[in-house]
Every structure is written in structure tokens, then in C-alpha cells.
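[1] the sequence and its predicted three-dimensional model are supplied below.
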Amino acid sequence: MPDPVETTDPEGVDFTWVMQTTFVLTILLGAPIVALASIPATLPTWEARASFAIRVGAIVWLVVAIGAFLYARRETGENQSGPDSDLDSEDDRDDAGNVGDTEQDGNRDGESAASPEPHSPPSERSSET
């Protein structure tokens, strides 16, 4: 039997799951929240009631969508592939503890002979005046 057409194998965050989860949770959480929030509000017409439900529901939807996305991103481990994740790698460190790749001319990270200590804090660098 062939696979259904809608079968996917996403890399990273599965946005279909995020959208479906957001839809379901917004209905399940949003209806009681809108009902409770409408108790103290004065809503004399159906137009006022609908407008109120849309405004409160939009806030609920936004909070749920962001929460579902952050949860999915954390579960896939995508947030650990950021630019700072490879700075702690043991393979990129030399004996002095400096981080970076050595270029062909032997300098690290594009160092030039004019700046002998690019990895030291600014207070330790020689000042040129």
C-alpha cells in the first residue's frame, strides 16, 4: 500500500504540528478564557460581543502559537544549533584555550601581524596613538 500524499519528514520544527496544535489549544483554552473575561465586561450588542471575543481570542491565539513553536523548537533541539553552540567545542581549542580556525598563513581567524593579541581583552592590548 503506498504512503498517503500528506506524509512528511520535516527537518527541524514541524510547522504543520505547530499550526494544528495551536488551532486545537486555542479553541480548548480560548473559549473558557473569553467566557470568563466577558463576565465583568458590558457587552450590550452582538457586535460588541463578537468584537470582544475576537480581540481576546487573538491574544490567546498569539500566546498559544508562540508557546507551541517554542516547545517544538526545544523538542527538536534546533535552538542548540545557534552561532554560539560551537564555541565550547573541544576540537576548536588549542593549548592556550583560544577558539578559532588556523588559516593557511598560520594566523588565527584572519589575524594580521599588526595586531599580535586579538583575543586579549581591550585593556591588555597595546594602544596605538
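    Cool, got the structure.

[2] wouldn't Ala65 be in contact with Val18 here?
    Yes - using CB atoms under 8 Å, Ala65 is in contact with Val18, at 7.3 Å. All C-beta atoms are positioned from the backbone trio N, CA, C, and that covers glycine.

[3] check which helices and strands the lengthiest helix in the chain is in contact with.
    If you go by DSSP state H, the chain has its longest helix at helix 46-76. Where contact means 3 or more CB pairs under 8 Å, 6 or more residues apart in numbering; DSSP states H and E, helix 46-76 is packed against helix 15-38.

[4] hmm, back to that, ok, and for the longest helix of the chain, which residues are buried?
    For helix 46-76, a neighbour-count test (16 or more other CB atoms under 10 Å) marks Phe52, Ala53, Val56, Gly57, Val60, Trp61, Val63, Val64, Ala65, Ala68, Phe69, Ala72 as buried.

[5] just put the residues you listed in JSON lines and tack on distance to Pro40 and pLDDT.
    Listed next are the buried residues of helix 46-76 as JSON lines, based on distance: CB to CB, whole Å; pLDDT from 0 to 100:
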{"residue": "Phe52", "distance to Pro40": "11", "pLDDT": "96"}
{"residue": "Ala53", "distance to Pro40": "15", "pLDDT": "95"}
{"residue": "Val56", "distance to Pro40": "12", "pLDDT": "95"}
{"residue": "Gly57", "distance to Pro40": "17", "pLDDT": "95"}
{"residue": "Val60", "distance to Pro40": "17", "pLDDT": "96"}
{"residue": "Trp61", "distance to Pro40": "22", "pLDDT": "96"}
{"residue": "Val63", "distance to Pro40": "20", "pLDDT": "96"}
{"residue": "Val64", "distance to Pro40": "23", "pLDDT": "97"}
{"residue": "Ala65", "distance to Pro40": "26", "pLDDT": "96"}
{"residue": "Ala68", "distance to Pro40": "29", "pLDDT": "95"}
{"residue": "Phe69", "distance to Pro40": "31", "pLDDT": "95"}
{"residue": "Ala72", "distance to Pro40": "35", "pLDDT": "92"}
